[in-house]
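Asker: sharing a sequence plus its predicted fold:
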Amino acid sequence: MLVEAPHNQNAALADKPAYDLRQIDCDPNFWYPVAWSHKVRKGKAFAARYAGHPIALIRPEKGPVYALEDRCAHRQVPLSKGLVEGDCIKCCYHGWAFDRAGKCVTVPYLNREDVGRPVKAYPCREKAGLIFIFPGDPALAESVPLPAVAQVGNPDYKTRLFSPRLKCHYSFMHENLMDMNHQFLHRRQMGSITARFLGQDKGENFLEARYSFARKGGNQPLAEALIFGKHHDLEGREQPVEEVVSIRTTYPYQTLKIHDKDGDLIMDLWVCYVPLGADQLGTQTFGLLSVKKPKWGFLLDLAWPALGIFTHRIFEEDREIVEMEQKAWRELGGDHNIEVFPIVKSLRALLAREGVPNRAAKPVSKG
Amino acid sequence: MLVEAPHNQNAALADKPAYDLRQIDCDPNFWYPVAWSHKVRKGKAFAARYAGHPIALIRPEKGPVYALEDRCAHRQVPLSKGLVEGDCIKCCYHGWAFDRAGKCVTVPYLNREDVGRPVKAYPCREKAGLIFIFPGDPALAESVPLPAVAQVGNPDYKTRLFSPRLKCHYSFMHENLMDMNHQFLHRRQMGSITARFLGQDKGENFLEARYSFARKGGNQPLAEALIFGKHHDLEGREQPVEEVVSIRTTYPYQTLKIHDKDGDLIMDLWVCYVPLGADQLGTQTFGLLSVKKPKWGFLLDLAWPALGIFTHRIFEEDREIVEMEQKAWRELGGDHNIEVFPIVKSLRALLAREGVPNRAAKPVSKG
Amino acid sequence: MLVEAPHNQNAALADKPAYDLRQIDCDPNFWYPVAWSHKVRKGKAFAARYAGHPIALIRPEKGPVYALEDRCAHRQVPLSKGLVEGDCIKCCYHGWAFDRAGKCVTVPYLNREDVGRPVKAYPCREKAGLIFIFPGDPALAESVPLPAVAQVGNPDYKTRLFSPRLKCHYSFMHENLMDMNHQFLHRRQMGSITARFLGQDKGENFLEARYSFARKGGNQPLAEALIFGKHHDLEGREQPVEEVVSIRTTYPYQTLKIHDKDGDLIMDLWVCYVPLGADQLGTQTFGLLSVKKPKWGFLLDLAWPALGIFTHRIFEEDREIVEMEQKAWRELGGDHNIEVFPIVKSLRALLAREGVPNRAAKPVSKG
């Protein structure tokens, strides 16, 4: 079951100092979601956040949404508290107005234009019901593609949105999902299930692990049965589960896809963990869970609320455990994880390689 | 509209290192209010605070109120939790007694007097319903006058008290009131008003700005109309407002006075911003708002509750904005204000000149 | 009334640097209670804490309770959230199992045993309804005896348990109880009582002070009267109280015993102040109060609720005062106590001598 990391990867890492993984910031040169589209209404502004940077999302009555640093150039109060007028946002305090490029176009009580300094503008795009910004070098934004986001827009799937906040570093979430041996944590929700590691794929910026599952005890939850079908035969004997679960981190995003025995994609989860504070020890999750509609689609509609409760309970268990991991990290003053599962070791190397050590990061001995 | 600061002031400043304004403490060699008189009842003690210094205000059954450091010399617990007996305050823990000079006069379980160390006594005065202390050098207290406080005691005026706490440095409040262009912030309460800067006066320890106002849209609030009269003619056309609003910082106090077209003082606001914590980034405001009684005084009595709600709402908007300024200051690690309005530049220079840089203050380049 | 510390003790101290008493940690080479026995049920684990160290107490269905570091060796999440299976605790996250020695005996998804690192095991004992651990050097545990705990198990006494948390260093509690002149604090609950110091005993690791009490005014509380009998004669004149109150710190425990005029032990209080956080500025108290049953035992049963309220109120007053002392210590950045009572001076020397300066401790000049 154990798969060693290939030698060339270790060689690549040998030249690089290793840092505490919880002190590795997200690489800002990617598109990160910072709000749901429906939260930013026409003629209104919305306060978002990326890694300690306050971001005003502004949707004029006409034209696309745009993103500015959420601090007026004058007295640093949030522009998102202001008034949207035409294509501009007017600060609520003294009425300074900024356009979508961040240029100050009016200071109402002075007799000339352009007297104030500009504020920073972020490249901003909208896709699949999410508003993305590019927090890094704006010159790179054009060349970096937006990610594919679950099965939004595909009429064969029904999609659920979720966006919980977590008091932990994003890397704990990548590790949590990638290591399916943590099904033990969800034994109350899912019964006794054992993950079987099937194999992996990896490359410069991605890592994929595949598992199948066998039920060892407990009853299959109703919501799960409605989506995947029953996993027990008529005599109630254990039945091997034929689905394959693929978890993939394509930096900085993560997906979980379930294919049934015929190779059909029956569940497609996309998730992005967006750092909230400057220390990146808090995370705003944006997730979309697409479920294939069964032949009789109304069954899925009926199961939808139960599925919501089911996934919510599982997520709450994950939230509790990753926040306890973060708490231990704080108390111990660093990462003491002893990893034995090779796929998680590879994941940790990927996140360390693709991310950016923060200012507080201290080199650590490689264990 | 713009008025440049005179050269001599700039020259005076040139010799002084400039500090981040939010790291300038209040000069302690002034009288600061720390409690309303009615809160300190006869035979009782009261816990107040000045810039991190706990202060016990004690009002014996007979004689004037006095102020001691609010820490017993023995075990540093608050004397204000103790018992007032005669002219003394007795610590609640082991019963050590201190007189109005701070001298320890009894330790009940020891057989000699004066065994304990004294506690610090602050010069203390009472005026206009406020208890003032002199936190600086007691030797200077006699020579520094108590301020004039609005129109308290003048039978032609009715006076309202207010004392909100603010999570910000006192300087944000001076700037807020002095810059009347911030009427934009109160557009929901006051309609669309434009301030016109009329002129200023300044000296070593004061700065005064005068404005008139013109209504550009929105309805005049009822409470405002009852006090100042209507500002629209019968056809509803804009009518120039004849009142002159004078805002004055006479260090460390601030006033706002409104004179009508006949030169009568119709509103007189006095306010003092008292630092709470040692970092002076929290403020206890003590304010008195005197309103001239109209010919039919009962009209003001009728309008009084509405006036209360009106001023409360405006103050809440100011509170929210100055606390957001303070929050930005913390996040950015310093003052990033880009001031363009000369009267505010002069005010900032005044506050910097009269105050005292704190221990954490770092010199900054002058912008 | 004052008793000077003997010269030899001062001589012993002269060779030792003196530290701020609130920076002296408890000596870990003693048995400390960390939970009540009844809180740790069969087949369950319980999260306790000693000076910042999380401790999992595990009581298997069979065999004695045991104590492990409350962090899984894998990802540092609390073992106390896990499953007790047989003699082992299974981590809730990925199911790693540890035995009572802290050895990792199973990683369920790996094919060999003993793959994970062990976790620390603490010596653990149970006595008088308390679970004790030995946080220091395990090799010393055998040679250090468990303390005698009030009159638990003695049928002539009825015992009450209490375990409040306090936001202060344990030393404030030792000082509070030892200095009976603080009866002034409880004047509302107990009326006006004066403590008379009778004498002391001391040794390397203990200090005992003896007092008698005289009532000077106020009514004797009902609960007190039921236990100790009336202290006033029929004319209500002051009556000397014949009981002797002995307070003893036998490091690190503290007791208060009351003997009546016949020398019978009528009240026996045992208390241990267990540090919660790594800075030891928070305390978990474990206390047992044994009261001798009177001839008609049902009288004590009747008085029991009143006694509970009475002791609770007194304890709340103590809690408030010691937490204010701790607050002053934080604000002043150190210990400013000016002690004049010799028994408390001796107690401070004992606690300083027996404890261990923490990493932040700075030597102070001896006052």
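Answerer: Everything's here; your move.

Asker: in stretch A:205-212, what counts as buried?
Answerer: Judged by neighbour count (16 or more other C-beta atoms under 10 Å in any protein chain shown), stretch A:205-212 contains these buried residues: A:Leu207, A:Glu208, A:Ala209, A:Arg210, A:Tyr211, A:Ser212. Where you see a C-beta, it was placed from the backbone N, CA and C, and this is true even at glycine.

Asker: make TSV out of those residues and add distance to chain B, pLDDT and secondary structure.
Answerer: As requested, these are exported to TSV (distance: C-beta to the nearest C-beta, whole Å; pLDDT from 0 to 100; DSSP: H, G, I helix; E, B strand; the rest coil):
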residue	distance to chain B	pLDDT	secondary structure
A:Leu207	35	98	strand
A:Glu208	38	98	strand
A:Ala209	39	97	strand
A:Arg210	43	95	strand
A:Tyr211	43	94	strand
A:Ser212	48	90	strand
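
Asker: would a markdown table of these with distance to C:Gly333 be doable?
Answerer: Written out in a markdown table, the entries for those read as follows (distance: C-beta to C-beta, whole Å):
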| residue | distance to C:Gly333 |
| --- | --- |
| A:Leu207 | 50 |
| A:Glu208 | 55 |
| A:Ala209 | 53 |
| A:Arg210 | 58 |
| A:Tyr211 | 56 |
| A:Ser212 | 61 |
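
Asker: what is the nearest of the residues you listed to C:Lys292?
Answerer: When the buried residues of stretch A:205-212 are compared for distance to C:Lys292 (C-beta to C-beta), A:Tyr211 wins out at 66.6 Å.

Asker: what's opposite the closest one in the beta bridge?
Answerer: A:Phe197, A:Val245 (DSSP bridges).

Asker: how near is A:Pro252 to C:Leu185?
Answerer: Taking C-beta to C-beta, to the nearest Å as the criterion, A:Pro252 is separated from C:Leu185 by 59 Å.

Asker: buried residues of the longest helix along chain A, list them for me.
Answerer: Among all segments of chain A classified by DSSP state H, the helix with the greatest residue count is helix A:297-332. If you call a residue buried by 16+ other C-beta under 10 Å, then helix A:297-332 has these buried ones: A:300, A:303, A:307, A:310-311, A:313-315, A:317-319, A:321-329.

Asker: any weak-confidence spans in chain A?
Answerer: Applying pLDDT under 70 to chain A flags the ranges A:1-17, A:112-114, A:216-242, A:365-367.

Asker: how is the residue of it positioned farthest from its centre assigned, secondary-structure-wise?
Answerer: No residue in chain A sits farther from the centre than A:Asn111, which is 46.8 Å out by C-alpha atoms, centre = their mean. Per DSSP: H, G, I helix; E, B strand; the rest coil, the secondary structure class of A:Asn111 is coil.

Asker: what does chain A have sitting close to chain C?
Answerer: Counting by C-beta under 8 Å from any C-beta of the partner chain, the residues of chain A lying close to chain C are A:1-2, A:179, A:181-182, A:184-185, A:194-195, A:197, A:321, A:324-325, A:328-329, A:331-332, A:336-341.

Asker: so what's the residue count around A:Ala97?
Answerer: By other C-beta atoms under 10 Å in any protein chain shown, the residues close to A:Ala97 number 22.

Asker: surely it touches A:Leu79?
Answerer: No. In this structure, A:Ala97 sits apart from A:Leu79 without contact. The criterion is C-beta atoms under 8 Å, and the distance is 9.9 Å.

Asker: before we move on, the earlier item: ok, then the element right after the longest helix of chain A?
Answerer: Secondary structure here is assigned by DSSP states H and E; on that basis, the next helix or strand after helix A:297-332 toward the C-terminus is helix A:342-354.

Asker: for the closest residue to chain B within the stretch 51-200 of chain A, phi and psi?
Answerer: At 3.6 Å from chain B, A:Gln76 is the closest residue in the stretch 51-200 of chain A, using C-beta to the nearest C-beta. Note on A:Gln76: backbone dihedrals following degrees, to the nearest 10 are phi 70, psi 10.

Asker: show me the contacts for the residue nearest to A:Ala101 when sequence neighbours are not counted.
Answerer: Nearest residue to A:Ala101 in three dimensions, chain neighbours excluded: A:Ala121, at 5.5 Å (C-beta to C-beta, 6 or more residues apart in numbering or on different chains). A:Ala121 sits next to A:Tyr66, A:Ala67, A:Leu68, A:Glu69, A:Arg100, A:Ala101, A:Gly102, A:Pro138 when contact means C-beta atoms under 8 Å, 6 or more residues apart in numbering or on different chains.

Asker: inside helices: which ones of those?
Answerer: Here DSSP H is the test, and the contacts of A:Ala121 give A:Pro138 as lying in helices.

Asker: show me which of the contacts of A:Ala121 are buried.
Answerer: In the contacts of A:Ala121, burial by neighbour count holds for A:Tyr66, A:Ala67, A:Leu68, A:Glu69, A:Arg100, A:Gly102, counting by 16+ other C-beta under 10 Å.
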